[in-house]
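Undergrad: Everything below, folded, please.
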Amino acid sequence: MSEQIDQLPGGPEPVPAPPPAKHGWLNFAIDFGPLLVFFLTYKFSSGGTGAFAATTGAIKGTVAFMVAIIVAMIVSKWKLGRISPMLWMSSILVLGFGALTIWFHDERFIVMKPTIIYAAFAALLLGGWLLKKPMLKYLLQSALEGVTEGGWLLLSRNWGLFFAALGVANHVMYELIQAKQMSFDLWLTIKVWGVTALSFLFTLTQVPVMLKHGLAVPESADKQA
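TA: Next up, the predicted model:
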């Protein structure tokens, strides 16, 4: 899915979301590539000890992430012919919180950003579900071929609840970091690998929903079955 939906500085990452039917690998790279750039830059730039070294690594990672998210938008427009609303929203928050992180030299903006992104998408998807509008379909600007409006509504509800859970979890980790009961390094590792793995697993749990509501299966898959 184009998260993106956390990946970012101001908190890494476009936000995780289910991949469209076509160009799945490219959408995954566009969504999670910038987050991986942030992670690697931070790890290789904060080799010293103490808070100053960690903050320096976070600042360098933030700059790299901001550049990477712009590149992701360019690649999306070039290869896919569009930039999805989800990627637009994530990118605006990446650049905004990234600028705050650099200006104030404060890692809290990095940790705070995913909570805001997850909450925004949860409110949008669940609000649309209550109003009988499948917002996930509009955010992705891609159709899972054959999925009915009812199917999109269920997917919007399910992903809205998933984003809400991620938002609560990220806020809890933010509070733990503030209380010095959790390190920024551990948070970043969970953000990059844990959330990515959870998003992938959650996407798999939604496959039966998509199949039940009309998702077209390629002929090659039918033959293999």
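Undergrad: can you tell me which helix in this protein is longest?
TA: Counting by DSSP state H, the longest helix found in the chain is helix 149-178.
Undergrad: Now the next helix or strand along the chain from that helix - C-alpha only, PDB.
TA: Next along the chain after helix 149-178, taking DSSP states H and E as the criterion, comes helix 184-189. The C-alpha trace of helix 184-189 is given here as PDB (Å, rounded to 0.1, in the frame of the first residue of the first chain):
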ATOM      1  CA  PHE A 184      15.100   5.800  21.400                       C
ATOM      2  CA  ASP A 185      17.100   3.000  19.800                       C
ATOM      3  CA  LEU A 186      14.600   0.400  20.900                       C
ATOM      4  CA  TRP A 187      11.600   2.500  19.800                       C
ATOM      5  CA  LEU A 188      13.200   2.900  16.300                       C
ATOM      6  CA  THR A 189      13.900  -0.800  16.000                       C
END
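Undergrad: Past helix 184-189, which element shows up next along the chain?
TA: Counting by DSSP H and E, the next helix or strand C-terminal to helix 184-189 is helix 195-212.
Undergrad: Now do that next one: distance to the chain's middle.
TA: With C-alpha atoms, centre = their mean, to the nearest Å as the basis, helix 195-212 stands 14 Å off its chain's centre.
Undergrad: sec struct for residue 133, please.
TA: coil (DSSP: H, G, I helix; E, B strand; the rest coil).
Undergrad: Quick check: pLDDT value at it.
TA: At residue 133, the pLDDT value in this model is 93.
Undergrad: Next, count neighbours for it.
TA: For residue 133, the number of neighbouring residues by other C-beta atoms under 10 Å comes to 17. C-beta: built from backbone N, CA, C; applies to glycine.
Undergrad: burial of the residue nearest to residue 190 when sequence neighbours are not counted, as a residue count?
TA: Residue nearest to residue 190 in three dimensions, not counting chain neighbours: residue 173, with 7.1 Å by C-beta to C-beta, 6 or more residues apart in numbering. Residues contacting residue 173 under the criterion other C-beta under 10 Å number 20.
Undergrad: was I right about residue 173 contacting residue 108?
TA: No. Checked against C-beta atoms under 8 Å, the pair residue 173 and residue 108 is beyond contact range at 11.9 Å.
Undergrad: how close does the nearest residue to residue 129 once chain neighbours are set aside get to residue 201?
TA: Sequence neighbours aside, residue 157 is the residue nearest to residue 129 in space, at 4.3 Å (criterion: C-beta to C-beta, 6+ apart). For residue 157, the distance to residue 201 (C-beta to C-beta, to the nearest Å) stands at 18 Å.
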